[in-house]
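Engineer: I need the structure of the sequence given here:
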Amino acid sequence: MQGSRNSAAHPYRWRRGAGRPYGAGVSWSTRALTLDDVPRITAILGEAEAREPAEQHFDEDELREMLTGPGFDLERGSLGVLADDGELVAFGALGVRTPADVWGCALYGGVATAAVGRGIGTLLVDELTRRAVGLRDAHDPSLPGEVALWIPEGRRGFDALAQDTGFETWRWFFDMRCQLQGDAPPWAGADRDPDGVQIRTWRPEDDEDVRSASNESFADHWHSVPMDRARWRAEFAESSLFRPQYSHVAVLDGDVVAFVLVEEFPGETAVNGFRTGYVARVGTRRAARGRGVASATLARTLTVLLAAGHERAELTVDAESPTGAGRLYERLGFVQVRRNRMAGRRFPAADTPSGTAADASSSTAVRAAASDAAVSGDAGIDTAGRPLGDGVAAR
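Structural biologist: As a prediction, the model looks like this:
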């Protein structure tokens with residue numbers, strides 16, 4: 001079943017399959033997603049949050065920016081499911097990560113409340129996994145491939161979907177939160193410049209140096225993939241979510257040796273009624289580790305967020321961080337509020353005897369994947385497609 005951005009919807013009658021039934025005798029239609037679907041996608045995600053709260057709130061601008069960003073091809077890598085009246089009741093899309101030795105993508109999706117329980121989530125996962133094989137083949141069929149899912153704590157429906165469709169856990173991540181308002185913040189006094197280091201606000205001319213520092217900082221982290229300039233700029237400097245006025249760099253002898261990059265999500269602010277600074281990426285070059293540079297840079301960022309009226313700061317950290325980042329964040333006042341897991345499924349290279357699309361649907365072998373994005377299914381999108389790692393957003 002192939003869809004086109006400009007084609008009419010294709011009739012499709014669900015057959016009964018393994019796992020959840022597809023809804024025998026119920027006719028739907030499918031097509032590729034377009035940007036005209038963004039308002040309805042936003043509504044579906046709102047329904048998912050109402051069903052199983054996970055503090056995930058999105059607005060149309062954020063979703064439109066994500067779906068037009070690097071790694072997304074709506075014509076070849078998305079699927080919309082429509083009811084008889086033409087209303088979108090479910091959607092899915094693939095976000096392809098930066099090319100590496102293993103081709104990887106993340107699967108995003110959501111199902112409207114009225115359509116939950118009919119196996120549409122299963123259909124989306126199976127169909128988009130097959131499309132992932134096609135995208136991998138178009139890039140380099142000799143590479144093994146992987147599909148990733150991001151499963152937040154509390155999204156029981158999506159957790160069940162992941163298990164039903166053969167995904168297994170790779171890694172755990174913690175959402176952490178720091179309440180900024182109040183007496184005697186834990187980071188007080190920790191925001192001073194370390195010896196020989198200047199901490200200052202991020203500037204546009206810092207961007208390439210920060211990207212270089214980030215790629216070096218994360219080179220020893222779980223399944224890290226260096227970010228090229230186009231993807232980096234789309235994620236930060238050119239993103240409407242990026243907040244340069246709250247982001248900081250630490251400079252030693254003219255070189256950026258550490259950084260803290262901050263984002264804000266207007267959809268969350270509108271629902272919560274207060275502002276949260278999301279610490280999207282924190283990194284320190286190896287030569288500068290152990291000197292308190294990261295702690296001081298993050299503490300400076302928290303001080304600035306507090307002065308600007310933010311209620312909270314939040315971040316997501318790898319539970320098995322090789323740098324012990326979680327302990328650093330705890331010392332500055334962050335506490336764990338949610339445990340999330342990355343799950344995945346892989347498929348072999350096309351030139352191996354078992355390298356077929358069928359293998360992608362049945363394999364339960366797992367490898368780490370998708371460091372550029374992650375997903376949800378029946379429960380709705382659960383990340384904004386940000387790289388996963390120490391202090392890296394996995395929203």
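
Engineer: Residue 199 and residue 302: what is the separation?
Structural biologist: 12 Å (Cβ to Cβ, to the nearest Å). Where C-beta positions appear, they are placed from N, C-alpha and C, glycine not excepted.

Engineer: can you check residue 345 too?
Structural biologist: The separation that residue 345 has from residue 302, given Cβ to Cβ, amounts to 38 Å.

Engineer: And for residue 129?
Structural biologist: Counting by Cβ to Cβ - residue 129 and residue 302 are separated by 41 Å.

Engineer: Residue 242 too?
Structural biologist: Noted for residue 242: a distance of 18 Å to residue 302, by Cβ to Cβ.

Engineer: who has more neighbours, the two?
Structural biologist: Neighbour count, other Cβ atoms under 10 Å: between residue 242 and residue 302, residue 302 has more, with 26 against 19.

Engineer: Residue 180 is in contact with the more buried one, correct?
Structural biologist: Yes - at 6.5 Å, residue 302 counts as touching residue 180 under the criterion of Cβ atoms under 8 Å.

Engineer: list residues touching both of those two?
Structural biologist: Taking Cβ atoms under 8 Å, 6 or more residues apart in numbering as the contact rule, residue 302 and residue 180 both touch residue 313.

Engineer: what do residue 199 and residue 302 both touch?
Structural biologist: residue 191.

Engineer: in the host helix or strand of residue 162, what's buried?
Structural biologist: Assigned by DSSP states H and E, residue 162 belongs to helix 156-164. Buried residues in helix 156-164, counted by 16 or more other Cβ atoms under 10 Å: 157, 158, 159, 160, 161, 162, 164.

Engineer: Reformat those residues into CSV and put pLDDT and distance to residue 324 next to each item.
Structural biologist: Output for these, formatted as CSV (pLDDT from 0 to 100; distance: Cβ to Cβ, whole Å):
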residue, pLDDT, distance to residue 324
157, 92, 34
158, 92, 30
159, 93, 28
160, 94, 33
161, 95, 33
162, 95, 29
164, 94, 36
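
Engineer: Compile these into a markdown table and extend it with columns for distance to residue 316.
Structural biologist: A markdown table is the format used below for the buried residues of helix 156-164 (distance: Cβ to Cβ, whole Å):
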| residue | distance to residue 316 |
| --- | --- |
| 157 | 21 |
| 158 | 17 |
| 159 | 18 |
| 160 | 23 |
| 161 | 22 |
| 162 | 18 |
| 164 | 26 |
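
Engineer: From the residues you listed, pick the one nearest residue 47.
Structural biologist: Ranked by distance to residue 47 (Cβ to Cβ), the buried residues of helix 156-164 are led by residue 157 at 11.6 Å.

Engineer: Okay, the closest one and residue 117: tell me how far apart.
Structural biologist: Look at residue 157 and residue 117: by Cβ to Cβ, they are 9 Å apart.

Engineer: Over to residue 88?
Structural biologist: Residue 88 is 18 Å from residue 117, by Cβ to Cβ.

Engineer: hang on, isn't residue 216 packed against residue 285?
Structural biologist: Yes - with contact defined as Cβ under 8 Å, residue 216 counts as touching residue 285 (5.4 Å).

Engineer: who's in contact with residue 251?
Structural biologist: 197, 198, 199, 200, 257.

Engineer: Wait, a helix at the last one?
Structural biologist: In this case it means residue 257. No - per DSSP: H, G, I helix; E, B strand; the rest coil, residue 257 lies outside any helix segment and is strand.

Engineer: so the closest residue in space to residue 88 that isn't next to it in sequence is in which element?
Structural biologist: Nearest non-adjacent residue to residue 88, counting by Cβ to Cβ, 6 or more residues apart in numbering: residue 40, 4.4 Å away. With secondary structure defined by DSSP H and E, residue 40 is part of helix 38-51.

Engineer: for that helix, what is the average pLDDT?
Structural biologist: Summarised as a single mean, pLDDT over helix 38-51 is 98.

Engineer: Find the nearest non-adjacent residue to residue 91, please.
Structural biologist: Nearest to residue 91 is residue 80, by Cβ to Cβ, 6+ apart, at 5.1 Å.

Engineer: Count residues in the vicinity of that neighbour, would you?
Structural biologist: 23.

Engineer: helix, strand or coil for it?
Structural biologist: strand.

Engineer: for the one 10 residues further on, same thing?
Structural biologist: Counting by three-state DSSP, the backbone at residue 90 sits in strand.

Engineer: does it have beta-bridge partners, and which?
Structural biologist: For residue 90, the beta-bridge partners under DSSP bridges are residue 81, residue 111.

Engineer: residues touching it, list them.
Structural biologist: With contact set as Cβ under 8 Å, 6+ apart, residue 90 has these partners: 44, 80, 81, 109, 110, 111, 112, 115, 120, 121, 124.

Engineer: and what of residue 154?
Structural biologist: 52, 53, 54, 338.

Engineer: can you tell me which of these are in strands?
Structural biologist: Members of these lying in strands (criterion: DSSP state E): residue 338.

Engineer: which one of the contacts of residue 154 has the most neighbours?
Structural biologist: Among these, residue 54 has the most neighbours (other Cβ under 10 Å), with 21 neighbours.

Engineer: if you skip the residues just before and after it, what's nearest to that residue?
Structural biologist: residue 152 (4.4 Å).

Engineer: burial measure for that neighbour, as a count.
Structural biologist: Should you count by other Cβ under 10 Å, residue 152 turns out to have 26 residues around it.

Engineer: likewise residue 308?
Structural biologist: Going by other Cβ under 10 Å, the residues that sit close to residue 308 add up to 13.

Engineer: Low-confidence ranges, the chain, go.
Structural biologist: 1-26, 352-395 (pLDDT under 70).

Engineer: go again using 80 as the cut-off
Structural biologist: Applying pLDDT under 80 to the chain flags residues 1-27, 99, 223, 322-324, 351-395.

Engineer: Would you map the helices across it?
Structural biologist: 38-51, 60-67, 74-77, 120-139, 156-164, 207-217, 229-235, 266-272, 293-307, 325-331, 357-362 (DSSP state H).
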